[in-house]
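Engineer: whatever this is, show me its structure:
(one chain, ligands or ions: 2)
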Amino acid sequence: TGHHWGYGKEDGPSSWYKNYPVAEGNRQSPIDIVPNEASRDRNLGPLMINYDHCTSINISNNGHSVVVEFNDSDDRSVIKGGPLDNPYRLKQFHFHWGGKGHEGSEHTVSGKGFASELHLVHWNAVKYKTYGEASTAPDGLAVLGIFLETGDDHRWLHMITDVLYTVKYKGSITDFKGFNPKCLLPSSLHFWTYLGSLTTPPLHESVIWIVLKEPIEVSEKQLGMLRMLLFTEEEDNQKMRMENNFRPPQPLKGRRVRSSN
Ligand SMILES: NS(=O)(=O)c1ccc(S(=O)(=O)c2ccccc2)s1
Ligand SMILES: [Zn+2]
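Structural biologist: Ligands and ions are numbered 1, 2, ... in the order given. Modelled structure (predicted):
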């Protein structure tokens with residue numbers, strides 16, 4: 001089912017083009033964001049995030065990251081405004097991170113990486129009937145990217161790091177109800193936005209990226225918990241620590257990055 005890909009020497013980002021030629025496309029993600037080259041756009045309204053009736057369902061290890069999935073059967077958790085013409089429904093969130101003492105974000109800001117990056121994945125349920133259909137459409141997905149930098153303990157991230165031991169191995173999944181990702185948002189919703197892609201295979205060029213300017217702070221200890229996850233399955237006798245699961249920045253190819261006001 002599909003092609004095996006990963007973040008190692010043989011199956012990592014520099015080899016993805018072999019099975020996913022769109023890897024060399026014109027709107028690939030992530031990118032390096034250069035703030036003073038981003039253009040302020042008057043008709044970029046404020047981002048509106050409405051996660052009040054948010055319902056997480058489960059947490060899982062898909063062999064590439066740890067993923068929290070949501071009930072997306074109605075518009076209970078949506079983002080709208082900013083660059084978006086419709087409300088987009090929250091489907092899942094996941095993280096990308098580095099190794100001990102190494103940066104692991106996907107987007108960089110003037111060449112600076114962050115310790116980790118949180119992606120909240122939303123889909124356009126107004127224009128498309130299913131998540132799958134939306135995932136291949138040019139305006140199908142909206143991913144909210146939030147940088148994590150090391151500092152103080154994040155008081156709510158514990159809710160996630162405390163259960164990571166239950167999804168240590170690839171293919172594991174556990175109930176994870178009632179988590180509201182509103183608690184992971186920084187205080188400012190100022191953002192950069194540009195048209196891009198999924199940052200993992202299938203690398204569909206279907207993402208409106210919204211990257212928040214303000215990082216959230218998490219402790220080195222909390223980040224270390226992410227690194228106790230494994231890329232490998234329980235029965236696999238090769239235990240490969242899940243870390244450095246990020247794609248490096250891709251060519252801008254003439255795209256404009258806009259900045260909120
Ligand atoms: N890192 S990222 O936010 O760009 C991202 C990569 C893959 C996904 S997905 O698993 O939601 C997905 C979505 C559509 C098709 C297949 C997988 S989201
Ligand atoms: Zn991601």
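Engineer: name the residues of stretch 116-126 that are buried.
Structural biologist: 116-125 (16 or more other Cβ atoms under 10 Å). No exception for glycine: its C-beta is placed from N, CA and C like everyone else's.
Engineer: now stretch 65-79
Structural biologist: Neighbour-count burial for stretch 65-79, counted by 16+ other Cβ under 10 Å, picks out 65-72, 76-79.
Engineer: that stretch spans what distance, first to last residue?
Structural biologist: 23 Å (Cα to Cα, to the nearest Å).
Engineer: could you give the mean pLDDT of that stretch?
Structural biologist: The average pLDDT within stretch 65-79 is 96.
Engineer: is ligand 1 within reach of that stretch?
Structural biologist: No - Stretch 65-79 does not reach ligand 1 (Cβ under 6 Å from any ligand atom); its nearest approach is 7.2 Å.
Engineer: re the thing from before, strands - which of the buried residues of stretch 65-79 land there?
Structural biologist: 66-70, 78-79 (DSSP state E).
Engineer: just flag the most distant two among those.
Structural biologist: Greatest spatial distance in these: Val66 and Val78, 23.2 Å, computed using Cβ to Cβ.
Engineer: so who does the residue of the chain found nearest ligand 1 touch?
Structural biologist: Proximity of the chain to ligand 1 (Cβ to the nearest ligand atom) peaks at Ser135, 3.3 Å away. Applying Cβ atoms under 8 Å, 6 or more residues apart in numbering, we find Ser135 in contact with 123, 141, 198, 204, 206.
Engineer: in strands, which of those residues appear?
Structural biologist: Among the contacts of Ser135, DSSP E puts 123, 141 in strands.
Engineer: mind putting the contacts of Ser135 into CSV with distance to ligand 1 and pLDDT?
Structural biologist: Shown next, in CSV, are the contacts of Ser135 (distance: Cβ to the nearest ligand atom, whole Å; pLDDT from 0 to 100):
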residue, distance to ligand 1, pLDDT
Trp123, 8, 98
Leu141, 7, 98
Leu198, 4, 99
His204, 6, 98
Ser206, 7, 98
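Engineer: which residues of this protein fall in helices?
Structural biologist: With DSSP state H as the criterion, the chain has helices at 16-19, 131-134, 158-161, 220-226.
Engineer: which stretch among those helices comes nearest Leu47?
Structural biologist: Leu47 sits nearest to helix 131-134 of all the helices of the chain, at 19.2 Å, using Cβ to Cβ.
Engineer: centre of the chain to the closest one, how far?
Structural biologist: Relative to the centre of its chain, helix 131-134 is centred 17 Å away, using Cα atoms, centre = their mean, to the nearest Å.
Engineer: gap between the most centrally placed residue in the chain and Val68?
Structural biologist: Nearest to the mean C-alpha position of the chain, counting by Cα atoms, centre = their mean, stands His119 at 2.2 Å. Note on His119: its distance to Val68, by Cβ to Cβ, to the nearest Å, is 11 Å.
Engineer: need the overlap of contacts for the two.
Structural biologist: Joint contacts of His119 and Val68 (Cβ under 8 Å, 6+ apart) are 93-94.
Engineer: bridging residues for the residue nearest to the centre of the chain?
Structural biologist: His94, Gly145 (DSSP bridges).
Engineer: end-to-end on stretch 139-158?
Structural biologist: Terminal residues of stretch 139-158 lie 34 Å apart, using Cα to Cα.
Engineer: got it, and stretch 217-237?
Structural biologist: Distance across stretch 217-237, first residue to last, is 35 Å (Cα to Cα).
Engineer: now that stretch: buried residues?
Structural biologist: For stretch 217-237, a neighbour-count test (16+ other Cβ under 10 Å) marks 218-219, 222-223, 225-227, 229-232 as buried.
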